[in-house]
Every structure is written in structure tokens, then in C-alpha cells.
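Show me how the following folds:
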Amino acid sequence: MSDVAILAFGAVSALGEGAAAVHAGDVGEVARVVIAQDAELVRAGLRRPFAARAPIGAPEDRATELLTRALAGCAVGLDAVRPGWRGERVGLILGTSSGGMRAAERAFAAIARGEAVLDGEAATYFGPMARASRGLGFPVDPALLVLGACASSALAIGLGIRCLERGACDLVLAGGFDDVTVFVAAGFEVLRATTATPPPRPFRLGRDGMALGEGAAVLALAAPAVGSRGLRPRLTGFGAASDAVHLTAPDRQGSGLARAAAAALQEAGHPVVDLVSAHATATPFNDAAEMRAIARALQGQADLPVVHPFKAQIGHTLGAAGALELLACVDAIEYGVLPAAAGEGPIDPDAPARLLEHTLAASPRVALKLSSAFGGANAALVVSSAPGVARPVRPVFLQAIAHVAREPERGDLAAALGMHPDRLARADLLVRLALAAVAELRAVCPLQGAGVVAGTAFATLETNALFAAGLRTRGSRMAEPRRFPYTSPNAVAGECSIAFGLTGPGFSVGGGPHAALEALIAASLLVGAGDAERMVVVAVDEGGSVVHALGGRAVVSGAVALLLSSSPEGARARVGPWSVRRGQGSSGAGAPGHLALLPALDPCVPKDLVCASPPDALAAVRLDPV
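Okay, the predicted model is just below:
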């Protein structure tokens, strides 16, 4: 059982800022919906131009503004309950689905015109995190950016819990952010995931999808024994698992989500759940699969809990969704309510959620937050008014390593994977390189059932530029449905989980050129905490013209795959102390991207794996003798 306190938070959504952004509702009232027709999406010509914008004015960089406001709000809250926190060891773990996509769209157009991009950092996935964290005024360590699509902030909070249990820091600022862009809205529309008749109607007959929203949330997490003044409900369980079934469609039985929920509930001591904050995208297959997962995870519970589909009110805030929706659970527990559900119509018998028409006065004590994402990623968090117990940490060992310097012949790779060549052709180079490296790893050790963390220095910017070019030339209504899923950095982890049966925790990371070491650190946290017995780490890069134009001139294409395990038997090394620090300055030490893992090929230990991400990040992992 975990026991982590939420000391303070900052939040922004279309409902407002601070506590208003995550208000679960007032007794007797219906759910407040803030989804509306969006002027930017109308101008882009989308058929379903509905979204929920946060009231932050019209800054050029909306993602950074959202995150900066959430961080500032969290800092104000911390100043009230924990003065002097800036002098402690503070970590920063954030999640995002699209990062600096708004700036990236402008940068892609400039590159296509042959113009120089003066601010390449703004166009990256890690740009908003780098800029907002500088505003803190002090270094943070660890500093991780989770690129787990719509489950990103739930995963980031889970990793924050694991960092505290490990003693890696005294305080973690964890959460996520995303704004609404034409790029993302066009992609979801072409996949037929967005509603034509808002508001969304999750779990009801006739539902036709979700609407996008934007927002940010940052939670200050710490051990409850320190700074006990003003404690909110505790985080007592975390679980993560992969479907390993399909890149964009859910496992129809909800098996991966059920395993994630069961792991979180087991860690929390199998409490009776009063409230479920559902992922609730209001798409036909997702809602039905989610209810099957809930029924399986709570099969020993006499009564089904109330389900809260918060996305139907504030839109799908992507990388911020898990954090904002978790905070709505905290609000419900603190103020003693069971929240109403937005949407009208009869409940779908294939998705029999218990929905309330009006918010009720009650005494909920335990809530379960569920998140799912492209790539088949699933995460679950348990929040409780009762304290939990921290878990012990175990050692982590490096078992095997493989390196692929170039893409193999597609026919050879397809044969090695048992995959049709046409499917490989649809994937991007990042995915093919990652699959090749993990195939090499599988040749020397079994992988079935392990988890996977993928690290990419500049993520999917090359693929994103191609998708954006299509939007510019053909219009937003003619987006490419086969390319859009591969604009998600989580596609790398997802395709690896599908190809190799990696059903453990699965997601991508990428806070800069040091992303390979981020992936190694994240995977070691999960193995060390018992979330997985084995984790595959795959670091992969595509060093094309777009990446080079945006500041990644030293990045080359290739991939490295590692296997981490809780067992010392046959191990090459033990994963020793690690650090990933942002805000201290960087001289550029160490090779960028996947190349940072190459020294691990040398069997001689001890050694340090080091990579800097100019101007202000540095990551290092120690490998020690077994």
C-alpha cells in the first residue's frame, strides 16, 4: 500500500482556475458543461468544431501558459502549508499528449518554406515543461516528461509516488498539460472520435464521441509525516498495464485497464470504492470496454460505485485529463458529494454505469481514477480519506542489451515479427527501429509479459511534420487517418507491446536529448516498486531534417533496447544511483538520444551513463557490479 499526501495543487480548465477548475459540483445541481463551438476549429473547417477552452486570454504559447499557471497556483498553495519547500529536494514529473504542438505547426510551415526556425525549443514536446520549470527559479530532480498520450498525467502521478517511496526527493510536483490545436482536433475528427452533437453522452445509448478540452494540473505530493498541516486525501494505490491489442482501439474486454485497476486496488488494501472517475470518452467501444474493466476490478464489491465522467463537462484534456479528473475526486471526498454526470438519454445496457442526474450529499471515502490512451496504455490511481502504508523498494538489474544502427529490410523485419509487411509500411521509422531493436533483445531473452518504456529525444517530430503538411495542402477535413496515430510518441511503446506481448506498464517519455536515460530511470522505478518484474527499455531516434532544424543536429537514427529485471540471476549490472536534473545548466556532455545507452554494451562495470540536454538539463545513471 502506498501513502502519499496531496499537499497543494494548481489547476486550470474550462471551468476556471484553482479549485474552480476541478469542482465536482454542488448538492442538488446538474453537471456544469463548458463545451461549445470553437472559433479556431470553425476557421479550420472542421465538421465537428467543439471544444472547451480554458479562460487564459490569447497567449501565443497556450500550452506553456496553462502549465505556468498551474505551477504558480501549486506554489502558492505550498507556500501556505509548507514554507521553505523551495529549499528541499523537489522533483517535477509531468505528462503531455501534444507538448508544444501549436508552435510546432508554425515551425513545420516555416521549414517547408525554407525559413529558419529561431525558437526550436518551443516546437518540441518538452518545450513547455522546460520553459515553465525555469520559472520555478531552482533546479528540480528528478525531471521526467511522460508522453503516454491520454494517460500521461495519471502515469506521471504514479511515477511521482514511486519517486517518493524510493527517497529520490522530498517533494514531487506531478501532473500534466495540453492545449487544443487544429493538428490534434483534425486527427481525432478523422478517426471519428469526436461528437457532432455536444455535450458528449458517455455510457448512454447514441453516444458519438468526445470533445477536446484544454487545461493543466500540478499536484504537490509528499510523505504525509512531513508537513502534516492542511493534508488532503491520500494517494494509496497506483497500477499500470498495456492492452497489447491495438494501437488506437481498446481491448473490447477491458483486460488491460482491469489489470491496472486491480493492481492499484490491491496496493490500496482492497478498499470499498465509492466513486469511479472514468476515462469516459463517450465512444461506443471505449465506454463498453471500460465498464467491463470496472466490473472485473470490483467484482467482489456488493454495489457498483457512482461513475463520474468529467470529460463530458470540461472536454478531453488529453495529457492533463488524469490529473484534473483525480482532483475532482479529491474535491468530492473533501466536500462530501457524489457528483452528477453530464449528458442525457438512457444508459447503454452494454455500458451499465451508475450515473447521477444531480449531485448528492454523501460521504465518499475512496475513489478510483482510470485512464487509457493510444498505444493501449492504462493507468489507475486510488485516492482515499484514510492513510496508507509505504511500500519497500527492491534492487533492479540490467539483464541484456541490443543495438540497431539502421532499419533492417522490411521483409526481414516482418518475417522476424510475424507481421504483414503492409502493416510495417504504415508505421513510421521510429516504430520500425524500435521493433527491430526489441526483436534483437528477444533473441537473447524472453520478453512476454514484461512492460515497456520508450524514450525518444525529439519524439515524433518528423512524422508530425508530414501530417501537418497534409493539413496545409489538403485542408483539415482531409487529415490522414492512418498517419495520425503515429504522431503520438506513445505509438512506439504501443506497437512494441502489441508485437511482443508486453502487457506490463507501457508508455513513452521524452524530456529532451536525454530521453534514453529518462526511460531507463522510469522503468527502474517500476521494477523497483514491484509494478513489474521485468521492463523493456527502448531508446529510439529519427534524426531527420525537421529534428535537425529544431535543434537536434547531433541526433542520429537508431535504437537501443535493454531488459531490466528484479532478479540478479545472469545480470550484467545493477542499476545504481540516478539523477535527471533540470534547471542547473548543461555543457552538452554525453551522446544524445539512444546513443547515451551504448556504453552499457561494454560488459565492464562500474560505469556512468550521462547525457546533457542544453541549455539546462543533465541526466546520469550509474551501473554497478552485481
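
Would you confirm that Arg62 contacts Asp179?
Yes - contact criterion CB atoms under 8 Å: Arg62 and Asp179 qualify, at 3.9 Å. All C-beta spots, glycine's among them, are computed from the backbone N, C-alpha and C.

Between the two, which contacts overlap?
Arg102, Glu214 (CB atoms under 8 Å, 6 or more residues apart in numbering).

Neighbour count: those two, which is higher?
Counting neighbours by other CB atoms under 10 Å for Arg62 and for Asp179 shows that Asp179 has the greater number, 33 against 25.

ok, now how distant is that one from Ala516?
28 Å (CB to CB, to the nearest Å).

Glu290 too?
Distance from Glu290 to Ala516, by CB to CB: 33 Å.

Show me which of those two is the more surrounded one.
For Glu290 versus Ala516, neighbours defined as other CB under 10 Å are more numerous around Ala516 (36 against 29).

Which pLDDT does the model give that one?
If you check Ala516, the pLDDT there is 97.

for Leu155, same thing?
Value for Leu155, per-residue pLDDT: 98.

Longest helix of this protein, counting residues only.
When the chain is parsed with DSSP state H, its longest helix is helix 62-81.

for it, packing partners?
Packed against helix 62-81, as judged by 3 or more CB pairs under 8 Å, 6 or more residues apart in numbering; DSSP states H and E, are the following elements: strand 4-13, helix 101-112, helix 127-134, strand 171-178, strand 215-222.

now do 10 Å
strand 4-13, strand 16-17, strand 90-96, helix 101-112, helix 127-134, strand 171-178, strand 215-222 (3 or more CB pairs under 10 Å, 6 or more residues apart in numbering; DSSP states H and E).

Residues in contact with the second one: which ones?
Strand 16-17 has contacts (CB atoms under 10 Å, 6 or more residues apart in numbering) with 10-11, 22-23, 34, 54-56, 66, 69-70, 72-73, 215-216.

can we see that at 8 Å?
The contact list for strand 16-17, computed with CB under 8 Å, 6+ apart, reads Ala11, His23, Ala54, Pro55, Arg69, Gly73.

before we move on, the earlier item: got CSV for the helices and strands packed on helix 62-81, with mean pLDDT too?
Shown next, in CSV, are those (pLDDT from 0 to 100):
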stretch, mean pLDDT
strand 4-13, 96
strand 16-17, 97
strand 90-96, 98
helix 101-112, 96
helix 127-134, 94
strand 171-178, 98
strand 215-222, 97
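
Show me the one of the ones you listed that comes nearest Leu430.
helix 101-112 (16.0 Å; CB to CB).

Give me the distance from that closest one to the chain's centre.
Counting by CA atoms, centre = their mean, to the nearest Å, helix 101-112 is centred 23 Å from the centre of its parent chain.

Same question for stretch 258-278.
19 Å.

Which parts of the stretch 501-626 of the chain are helices?
Counting by DSSP state H, counting those that start in this stretch, the stretch 501-626 of the chain has these helices, from start to end: 515-529, 545-549.

hmm, I was thinking of the stretch 101-250 of the chain
101-112, 127-134, 152-166, 182-190.

Switch those helices over to TSV; also include mean neighbour count and distance to Phe50.
Output for the helices of the stretch 101-250 of the chain, formatted as TSV (neighbours: other CB atoms under 10 Å; distance: least, CB to CB, whole Å):
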stretch	mean neighbour count	distance to Phe50
helix 101-112	21	19
helix 127-134	24	24
helix 152-166	30	22
helix 182-190	23	9
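
tilt between whatever helix or strand Phe467 lives in and helix 101-112?
In this assignment (DSSP states H and E), Phe467 forms part of helix 461-474. Here the directions of helix 461-474 and helix 101-112 differ by 80 degrees (axes from the mean of the first three to the mean of the last three CA atoms, to 10 degrees).

For the next helix or strand after helix 461-474, enumerate the helices and strands it packs against.
Going down the chain from helix 461-474, the next helix or strand is helix 490-500, by DSSP H and E. Helices and strands touching helix 490-500, by 3+ CB pairs under 8 Å, 6+ apart, are strand 234-242, strand 377-384, helix 429-442, strand 451-455, strand 506-509, strand 534-541.

sorry, back to before: which residues belonging to the longest helix of the chain are considered buried?
Buried residues in helix 62-81, counting neighbours by 16 or more other CB atoms under 10 Å, are found at 62-75, 77-78, 81.

Out of the helices of the stretch 501-626 of the chain, which is the most enclosed?
Among the helices of the stretch 501-626 of the chain, the stretch with the highest mean neighbour count (mean count of other CB atoms under 10 Å) is helix 515-529, at a mean of 29.

Please name every helix or strand in contact with the helix holding Phe467.
helix 101-112, helix 182-190, helix 429-442, helix 545-549.

Please tabulate these in CSV, including the columns distance to Ser371.
Shown next, in CSV, are the helices and strands packed on helix 461-474 (distance: least, CB to CB, whole Å):
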stretch, distance to Ser371
helix 101-112, 20
helix 182-190, 17
helix 429-442, 23
helix 545-549, 29
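
Can you tell me which of those helices is nearest to Cys163?
helix 429-442 (25.6 Å).

okay, the angle between that closest one and strand 451-455?
Going by the same axes, to 10 degrees, helix 429-442 makes 130 degrees with strand 451-455.

Can you check what angle separates helix 429-442 from strand 534-541?
140 degrees.

got the angle between helix 429-442 and helix 490-500?
Using the same axes, to 10 degrees, helix 429-442 lies at 40 degrees relative to helix 490-500.

Can you list the neighbours in contact with helix 429-442?
400-404, 407-408, 410, 413, 416-417, 424, 427, 447, 452, 454, 456, 460, 462-463, 486, 491-492, 495-496, 499-500, 536, 538, 540-542, 557-563.

got it, and stretch 80-88?
By CB under 8 Å, 6+ apart, stretch 80-88 touches 7-8, 78-79, 136-138, 169-171, 220, 222, 227, 229-230.

Which member of those residues is positioned nearest Ala341?
For the contacts of stretch 80-88, the nearest to Ala341 is Ala8 (28.1 Å; CB to CB).

residue ranges with poor pLDDT in the stretch 151-300 of the chain?
225-231 (pLDDT under 70).

cutoff 80 now
Residue ranges of the stretch 151-300 of the chain with pLDDT under 80: 225-232, 247-250, 252.

can you list the domain ranges for this protein.
For the chain, the structural domains run 4-97+147-384, 397-624, going by automatic domain parsing.

about what we covered before: quick one: which of the helices and strands packed on helix 62-81 is nearest Glu569?
strand 90-96 (31.3 Å).

quick check: angle from that closest one to strand 171-178?
Counting by the same axes, to 10 degrees, strand 90-96 lies at 20 degrees to strand 171-178.

middle-most residue in this structure, spatially?
With distances taken as CA atoms, centre = their mean, the chain has Ser152 as the residue nearest its mean C-alpha position (1.3 Å).

Quick check: Pro592 vs Gly455, distance?
11 Å.

neighbour-wise, which of these two wins?
Shown here are Pro592 and Gly455; by other CB under 10 Å, Gly455 has more neighbours (33 against 25).

Check what pLDDT the nearest residue to that one once chain neighbours are set aside gets.
Counting by CB to CB, 6 or more residues apart in numbering, Ala519 is the residue found nearest to Gly455 once chain neighbours are left out, at 3.1 Å. Per-residue confidence (pLDDT) for Ala519: 98.

Equivalent analysis for the one 5 residues further on, please.
On the pLDDT scale, Ser524 is placed at 97.
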